[in-house]
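**Q** dropping the sequence and predicted coords here.
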Amino acid sequence: MTTNPLDADRPPELPRPRRGGGRGGGRGRHRRDESLMVPDVQFESYYGRQVVKPAPWKADIPAYIFLGGIAGGSSLIGAGGAVTGRPALRRTGRYAALAGVALGGLALVHDLGRPERALNMLRTVKLTSPMSVGSWILTAFGGFAGVSMLCEVGRSLPDQRSWLARALRAAEPPATIGSAAFALPLASYTAVLLSDTATPTWRESYRGLPFVFVGSANAAAAGLALITTPADQNRPARRLAAIGAGVELGAAEWMHHDMHPLVAEPLRQGRAGVMLRASRVLTTAGALGATLLGRNRVGAGISGAALIAGSALTRFGVFEAGLASARDPKYTVTPQRERRDQRRREP
Amino acid sequence: MAECHPVGYQWVTEARLKGAKVIHIDPRFTRTSATADRHVPIRAGSDVVFLGALINHILSNELYFRDYLVHYTNAATIVSGEFRDTEDLDGLFSGYDEELGSYDLRSWAYASASGDDDSTPGTIGGPAASREHGHAESQHSSGQQHGASGAPLEHAEVRRDETLQDPRTVFQILKRHYARYTPEMAAQACGVSLEDFDYVARAVTENSGRERTTAWVYAVGWTQHTLGAQFIRTAAIIQLLLGNMGRPGGGIMALRGHASIQGSTDIPTLYNILPGYLAMPMAGNHDTWEDYIGAIGSKAQKGYWANADTYAVSLLKSWWGEHATAENNWCYDYLPRLTGPHGTYQTVMAMLDDEVEGYFLLGQNPAVGSAHGKLQREGMAHLKWLVVRDFAMIESATFWRDGPEIATGELKTEDIQTEVFFMPAASHVEKSGSFTQTQRMLQWHHKAVDPPGDARSELQFFHDLGKRLRARLAGSTDERDRPLLDLTWDYPVDENGEPDAEAVLREINGYHLGGDKAGQLLSTFNDMKADGSTSGGCWIYTGVFADGVNQAARRKPGREQGLTALEWGWAWPANRRILYNRASADPDGNPWSERKKYVWWDADQGRWTGVDVPDFPPTLDPHHHPDKGVGGPAGLAGDDAFIMQSDGKGWLFTPKGMLDGPMPTHYEPQESPVRNPLYAQQANPARKVFPRKDNLWAPSAGQPGSDVYPYVFTTYRLTEHHTAGGMSRWLPYLSELQPEFFCEVSPELAEEKGLTNGGWATIVSARTAIEARVLVTERLTPLTINGHTIHQVGLPYHWGVGSDALVTGDAANDLLGIALDPNVQIQESKAGSCDIIAGRRPRGEALLRLVHEYQSRSGTTPTTGNELLTEGDH
Amino acid sequence: MGYWTNQLSGPTNPTTDSGWDDPPARKGFFTDTSICIGCKACEVACKEWNAIPEDGLDLLGSSYDNTGSLGASTLRQVAFIEQSGDRIAQARESGGRLVDLGMPAMRPADGPSPELVGQAATAVAEGEVPDFRWLMSSDVCKHCTHAGCLDVCPTGALFRTEFGTVVVQPDVCNGCGYCVPACPFGVIERREQDHFEAGTPNLGVAQKCTLCYDRLTDDQTPACAQACPTTSIKFGDLDDMVASAEERVETLHANGYTEARLYGTDRHDGVGGTGSVFLLLDEPEVYGLPPDPQVPTAELPAMFRQAGLAAVAMLVMAVGAFAGRRR
Ligand SMILES: Nc1nc2c(c(=O)[nH]1)N[C@H]1C(S)=C(S)[C@@H](COP(=O)(O)OP(=O)(O)OC[C@H]3O[C@@H](n4cnc5c(=O)[nH]c(N)nc54)[C@H](O)[C@@H]3O)O[C@H]1N2
Ligand SMILES: Nc1nc2c(c(=O)[nH]1)N[C@H]1C(S)=C(S)[C@@H](COP(=O)(O)OP(=O)(O)OC[C@H]3O[C@@H](n4cnc5c(=O)[nH]c(N)nc54)[C@H](O)[C@@H]3O)O[C@H]1N2
Ligand code: SF4
Ligand code: SF4
Ligand code: SF4
Ligand code: SF4
Ligand code: SF4
Ligand SMILES: [Mo]
């Protein structure tokens, strides 16, 4: 077959199933190689074409989810550092939070069909739209993270008695609390963003996915902190790395079992399967490394990098798995038929 | 019908929702089959056997509508004793002339009532007529000369046996002729199962009679054969036997093609008729005005053709106005005379022989749409000049630089001397005018927008061309310029120079020229006179401007009027919606049944009445018997329902008018892998062939080499495209719906030849090879014919090779050769022989080599398939 | 809770719900595929009226469907399905089971007439199953009572019109693409920049059937319904559409065509019933329709609850990390 840009939306044709009989009526029809025919429609699909459409999103979106997670986690680390008096963690947490949210925002805008209309996101507040809710969370978080960062800058102003320095000091507690408060939904709402769709694997994963995401966010933020903070101040990061990774891995495991087995399949297959397997290895290794070698600057750095990579792969893997589940009609049709037949049996 | 006439199909859908049964008889399972109650697959080109078997079934089981049959048809008429049937002569009728390849029709005539000496059948038809109809020095086709009528007879004194027992009655002849057309024969020849035959036979006969009527609907699946006209005749016989003509829900509906193709036969673009189906005069036969008038309608014959002189004089008056006088026979001698058939295919042959200098192509794309594309293009390459008027640069305008022959090296652009002028045309929304549709109904369309750029309507183009030619010739004293200079050519034009289309319609409608009504528009063609006091450009259209109102522009919605919606548009003749509707009442003038009440005799009023305009002299009593010797409308008896026929009857047997037999007989197509199962004569002996080395044919069954091209191909249309593509392949919204040329094959054939769905195939005929994408589909069924499996390859013919269209592809018509039906000169494009192989075709010269290799393997020569008589004894 | 569930997925009047006071009757389509002839006039009329760009000149090899699916530049799509006898028998059987089950979608609300069920059953028993058929069906946006696309649109570009239909405002849409995966029917799509020439209208913007909003406001029939020669596409007040769909399916059942079934008429399905209802002759998925569509937002409260719990967990993790001995 010839190809055109739209072919990407059309998976290759399924082989035609063998059928018994053929045209009856005594008209003397022969048996034949059925794979040659205009592909017959199987019970579950129309020429093997997708029923629901995959999201038109590119790598920007999993990147954003990852960056949002790292920003949220970092902001918690920053806050923790501030509260518990660990300046290195406070500083890197705050900078990372702002950097993450800024880059994530850019990725988000970049993925828009009409980036020049990005601000239309703030035209309304819509509770049924996780993206609308998320936009406001992102905005609020971005605001607080920005102020926190300014506060951080303020701390190194030469004249600590100037009105600016004083104002920044006064702003610090609310900014810290605000950014920590919005960090939590920022890292978790993205799971709802994916689940609130007709994409089978995303939707079916809605119970476990937020836990995977927050675990992953914390692990990645901790990983970043491991890289950026001196070993003598990184103990909370090491602990967070282990806890976050543990939650992520545990939640993922639970999620797989909780899901309809067919719909969980894309998480194990294809590119998504590879990414998620790699993510598991990296996350586990990062957590172990952080725990065992985290006191060593180099060991901490390598473990941190592994955690970050693991977290990113989790997001990309889940993202890919969703797209794959939308492209193949069986993931849409089969569970729906089961659900419908179940309902018919027990009205 | 759903494929090609989807808008008309809404009425079929509506009928179905009300309970009508729809049966689709077609080689392929199409969109029509999808919504029909039953699809009956049939081998292309075999319908006469199937329909003949139905006739036989009706006759032998006495399922005909006897009262109707006896009174309204020629079943009881006695035929000349000289007549011999194909059953006696193994596939030939009496009168075949081997040298001319055509029939002398004299022996098919009705027996004369005046003398019982049947050896002088010439009493019917007359001396002039005996030379007519193909049996002449020059070949001539005349079937369509009488498109609205039967052929003229000298008088109506025929002998009848209303008991239908005389062996020489049409009824008995018919019975004998179709006796061997049995369901088993249909199964063998057409591949129609006995079960399907039984279903159709039941459905049709049970749904006919007093209470019910059945309609047959056809288009070019029945016409594009070397005996196309006879396919339709077969259906006509069924309808007459069952009493389905002239009645609501009955009839034979010819679904016409282009939007106003009906209009273009009424006011013809055909070479052999003049407006209103008046014959085109022919050299040798119609040299004098008297010969001509005698030939188009004798005063002694029954019905309205007896007034043909009034129609002809009015026509000539509308053309030459005051110059047409009784003294100069109304300028009759200004009319050119035919010297032979000048159909489109003969003209192409003449081009190839350098007999044609220039050519106007208006709304036609023969490089893609006409049979044997190569000959079409090569013919045009022989012209000195060519004018193409179209919307886009169609392949017929660009063949000299991008046609397939350029790719193979057969033509070289530098060598082609043809000067091509392209002139953009205005489309139907950019001009006003009328369309005449399938039901003979004229509907006016108003111009919606101005044509873009230089685009002009045909009306303006010809008006201007005429004015310029006349200006050039002004003052000429040459006799031969008189016809042009004397024409009435004075149409009012608007500010853009566009003539007023309504003025043309008024001229067609006709005027009173003299008397107290001078200047008024005619109301009916009965007002026409042969004395020059009326004019009228097309007698059957008279009345379209009755009362000075453009009746074609009426658009009163159907829901605001009665069943027949007589105030929507205007149908010729006389706004009548069903022709011969006198037959909807019994011989006494009462409706056959309450359910099928349509037109009836109101004895109190002494006139015909009903929901339609009665197609009968309005006050002619149903029991009237005319005096002997009275002709014309006054010669009609009260039960002569078929008022345009020269004996007032519907013709089961055609004593005149058909060139290839008075009754349809099965012949195989020009190319066929099947031996004629009924007769030694393989193909229609009167078909038109062109033996040339660039028009070769695959050997048919029984001849050596026939297995080289073992499959049948058939060509057809898709809903998504229009004919040669000029109106669809340039439009994105249509092109994307069917973007590529494809062939359709059954899974069985695909398996046999290794074809895959979506892949490519090369289809080879004796003329050329083309390539197409493949759709493997159960919609195509292999048929078992004479115990052999016959595979059919389906080819939509909308694509062509060029460079301007949005989508292009090889043209199915390049596969076809040229062989014609003798009556109407239509090409055989529904059945041909081919081979099919997987993969794309070779390019350049290699293509020619492939085609040659096949040709030599099959041993075909210019005589193959072109001998009219099949070897063997008759 | 009941009220809120209805608001997200149950039967409701979406027009008044979205704040229209005294709106006109909800408009919709009834597409009767049993009389569709696959002429694609609806596809062409839609493209003409909405000036939609050509989107691909390729033969797909799927019977006569070279359109493929609904999308940003295809707001009507005619499906072609070739089936042989055993598949038809299966469809008739599965439809017959629906009749036996007394599915709400199969007959009017006031309950089945027992004779009808009996009739249908005998007709199946006697009915002749043809050995081949060619299904054609014109698909379109469902104008859901609970429209996933509209629910998730963050900009308000998608809105509910006074006719109860769902329409994109192309000048507001920023092309976030969220509506695309949110549609349970795979209808709406973003018109991607790279498939079209620059200057094509509405590039980067989500596109779907507007139910010809611009024609409805002028009291006109949508272009596709207007063009349909066989009245396979019927347009009118949704209640009338559903009623005639129910009447038609009864007639078909009475004639033995138990394969006939309705789609979208059940207001208790996962989208609260659709604004375009269909009469199908086989299972929905045969036509590329989801068998049991559900608006994603139906479970949004649960999703947010899970996310809330996860957020708490995230905080707990952080607190846990910083808690304990200082060092
Ligand atoms: N969409 C669309 N509509 C059109 C046109 C178009 O190009 N596109 N063209 C217009 C024109 S010009 C015309 S003339 C009409 C033609 O309208 P149709 O006659 O309907 O057109 P075709 O598809 O050429 O042929 C009709 C059918 O005849 C079948 N057939 C072939 N051979 C035989 C045979 O021997 N016996 C029987 N019983 N059937 C046979 C073919 O399989 C095909 O399905 O359509 C008009 N309408
Ligand atoms: N193999 C095969 N061949 C066939 C047939 C078949 O069934 N099989 N069918 C035959 C039949 S029935 C037909 S009718 C022919 C059709 O064959 P053609 O008539 O050669 O093909 P069309 O594409 O219809 O050509 C009509 C042209 O007129 C142009 N046109 C439209 N309106 C106007 C106008 O107002 N003015 C001018 N000047 N031009 C206009 C269109 O753009 C188009 O290019 O094909 C025949 N050929
Ligand atoms: S193209 Fe025109 S003439 Fe043909 S079916 Fe459509 S409306 Fe009728
Ligand atoms: S079908 Fe899809 S696009 Fe249409 S209204 Fe429903 S959710 Fe929206
Ligand atoms: S793409 Fe446009 S219409 Fe769709 S959700 Fe985003 S803003 Fe709304
Ligand atoms: S209602 Fe309008 S926009 Fe929707 S499919 Fe029909 S024509 Fe297209
Ligand atoms: S216009 Fe009507 S009949 Fe034609 S394809 Fe569309 S729905 Fe079917
Ligand atoms: Mo035609």
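**A** Right, received. Where do you want to start? Ligands and ions are numbered 1, 2, ... in the order given.

**Q** the nearest residue to B:Gly453 once chain neighbours are set aside and ligand 7, how far apart?
**A** Closest residue to B:Gly453 in three dimensions, ignoring its sequence neighbours and counting by Cβ to Cβ, 6 or more residues apart in numbering or on different chains: B:Pro424, at 6.4 Å. All C-beta spots, glycine's among them, are computed from the backbone N, C-alpha and C. The spacing between B:Pro424 and ligand 7, counted by Cβ to the nearest ligand atom, to the nearest Å, is 31 Å.

**Q** who's in contact with B:Pro424?
**A** Contacts of B:Pro424 were listed using Cβ atoms under 8 Å, 6 or more residues apart in numbering or on different chains, and they are B:389-391, B:451-456.

**Q** regarding the chain, what is its longest helix?
**A** I'll assume chain A. Taking DSSP state H as the criterion, chain A has its longest helix at helix A:163-195.

**Q** try chain C instead
**A** Every helix in chain C considered (DSSP H), the longest is helix C:300-322.

**Q** pull the CA atoms of that one into PDB?
**A** Output in PDB follows, covering the C-alpha atoms of helix C:300-322 (Å, rounded to 0.1, in the frame of the first residue of the first chain):
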ATOM      1  CA  LEU C 300     -14.000  11.900  37.600                       C
ATOM      2  CA  PRO C 301     -14.900  12.200  41.300                       C
ATOM      3  CA  ALA C 302     -13.300   8.900  42.000                       C
ATOM      4  CA  MET C 303     -10.300   9.900  40.000                       C
ATOM      5  CA  PHE C 304      -9.900  13.100  41.900                       C
ATOM      6  CA  ARG C 305     -10.300  11.200  45.100                       C
ATOM      7  CA  GLN C 306      -7.500   8.900  44.200                       C
ATOM      8  CA  ALA C 307      -5.300  11.800  43.200                       C
ATOM      9  CA  GLY C 308      -6.100  13.500  46.500                       C
ATOM     10  CA  LEU C 309      -5.100  10.500  48.400                       C
ATOM     11  CA  ALA C 310      -2.000  10.300  46.400                       C
ATOM     12  CA  ALA C 311      -1.200  13.900  47.200                       C
ATOM     13  CA  VAL C 312      -1.500  13.200  50.900                       C
ATOM     14  CA  ALA C 313       0.800  10.200  50.400                       C
ATOM     15  CA  MET C 314       3.300  12.500  48.700                       C
ATOM     16  CA  LEU C 315       3.200  14.800  51.700                       C
ATOM     17  CA  VAL C 316       3.600  11.900  54.100                       C
ATOM     18  CA  MET C 317       6.600  10.700  52.100                       C
ATOM     19  CA  ALA C 318       8.200  14.000  52.300                       C
ATOM     20  CA  VAL C 319       7.500  14.500  56.000                       C
ATOM     21  CA  GLY C 320       8.800  11.000  56.500                       C
ATOM     22  CA  ALA C 321      12.000  11.800  54.700                       C
ATOM     23  CA  PHE C 322      12.700  14.900  56.800                       C
END
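
**Q** if you count neighbours, what's buried in that helix?
**A** Using 16 or more other Cβ atoms under 10 Å in any protein chain shown as the burial criterion, the residues of helix C:300-322 that qualify are C:300, C:303-304, C:306-308, C:310-311, C:313-315, C:317-318, C:321-322.

**Q** which of the residues you listed sits closest to ligand 3?
**A** When these are ranked by distance to ligand 3 (Cβ to the nearest ligand atom), C:Leu300 comes first, at 47.2 Å.

**Q** these two touch, right, the closest one and C:His146?
**A** No. C:Leu300 lies out of contact with C:His146 (Cβ atoms under 8 Å); the separation is 10.8 Å.

**Q** show me whatever sits in contact with both of the two.
**A** C:Leu8.

**Q** avg pLDDT for the helix or strand containing the residue nearest to B:Gly453?
**A** When elements are defined using DSSP states H and E, B:Pro424 is found to belong to strand B:419-424. Per-region confidence: strand B:419-424 scores 97 on mean pLDDT.

**Q** one more: stretch B:19-27?
**A** Stretch B:19-27 comes out with an average pLDDT of 94.

**Q** which residues are contacting it?
**A** Residues from elsewhere that reach stretch B:19-27 (Cβ under 8 Å, 6+ apart): B:12, B:15-16, B:30, B:32-33, B:35-44, B:47, B:50, B:199-200, B:203, B:207, B:221, B:714, B:780, B:792, B:794.

**Q** between the buried residues of helix C:300-322, which is nearest C:Trp20?
**A** Proximity to C:Trp20 was ranked across the buried residues of helix C:300-322 by Cβ to Cβ; first place goes to C:Leu300, at 23.1 Å.

**Q** from A:Thr128, how far out is the closest one?
**A** C:Leu300 sits 6 Å away from A:Thr128, going by Cβ to Cβ, to the nearest Å.

**Q** please apply the same query to B:Ala546.
**A** 67 Å.

**Q** over to B:Val630?
**A** Computed as Cβ to Cβ, the B:Val630 to A:Thr128 distance reads 88 Å.

**Q** all helices for the stretch 301-450 of chain B, in order.
**A** B:308-320, B:344-352, B:366-369, B:373-381, B:395-402, B:404-408 (DSSP state H, counting those that start in this stretch).

**Q** confirm that B:Asp621 sits in a strand.
**A** No. Using DSSP: H, G, I helix; E, B strand; the rest coil, the assignment for B:Asp621 is coil, not a strand.

**Q** now render the helices of the stretch 301-450 of chain B as CSV, adding mean pLDDT and distance to B:Asp527.
**A** Listed next are these as CSV, based on pLDDT from 0 to 100; distance: least, Cβ to Cβ, whole Å:
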stretch, mean pLDDT, distance to B:Asp527
helix B:308-320, 96, 9
helix B:344-352, 96, 36
helix B:366-369, 97, 41
helix B:373-381, 97, 45
helix B:395-402, 97, 43
helix B:404-408, 96, 55
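
**Q** which of B:Val630 and A:Thr128 has more residues huddled nearby?
**A** Neighbours of B:Val630 and A:Thr128, each counted by other Cβ atoms under 10 Å in any protein chain shown, are more numerous for A:Thr128; the result is 19 against 15.

**Q** so who does residue 45 touch?
**A** Unless you meant another one, I'm taking chain A. Counting by Cβ under 8 Å, 6+ apart, A:Ser45 touches A:14, A:51, A:329-330, A:333, C:285, C:288.

**Q** you answered for a different chain; I wanted chain C.
**A** Applying Cβ under 8 Å, 6+ apart to C:Ala45 gives the contacts C:223-224, C:226-227.

**Q** ditto for A:Leu288
**A** Applying Cβ under 8 Å, 6+ apart, the residues contacting A:Leu288 are A:Ser303.

**Q** repeat that for A:Gly286.
**A** A:Gly286 makes contact with A:219, A:223, A:241, A:245, A:303-310 under the criterion Cβ under 8 Å, 6+ apart.

**Q** contact residues of chain C facing ligand 7?
**A** Taking Cβ under 6 Å from any ligand atom as the measure of proximity, chain C contacts ligand 7 at C:36-42, C:78, C:136, C:138, C:227-230, C:232-233.

**Q** ok, so of the residues you listed, who is nearest ligand 4?
**A** With Cβ to the nearest ligand atom as the yardstick, the closest approach to ligand 4 among the residues of chain C next to ligand 7 comes from C:Ser138, at 14.5 Å.

**Q** isn't the closest one right up against C:Cys39?
**A** No. Between C:Ser138 and C:Cys39 there is no contact under Cβ under 8 Å: 9.6 Å.

**Q** if we can go back for a sec, which pair in the residues of chain C next to ligand 7 spans the largest distance?
**A** Using Cβ to Cβ for every pair in the residues of chain C next to ligand 7, the one that comes out farthest apart is C:Met136 and C:Ala227, at 15.2 Å.

**Q** which of these two has more residues huddled nearby?
**A** The residue with the greater number of neighbours, taking C:Met136 and C:Ala227 and applying other Cβ under 10 Å, is C:Met136; the counts read 26 against 22.

**Q** bridging residues for that one?
**A** C:Phe80 (DSSP bridges).
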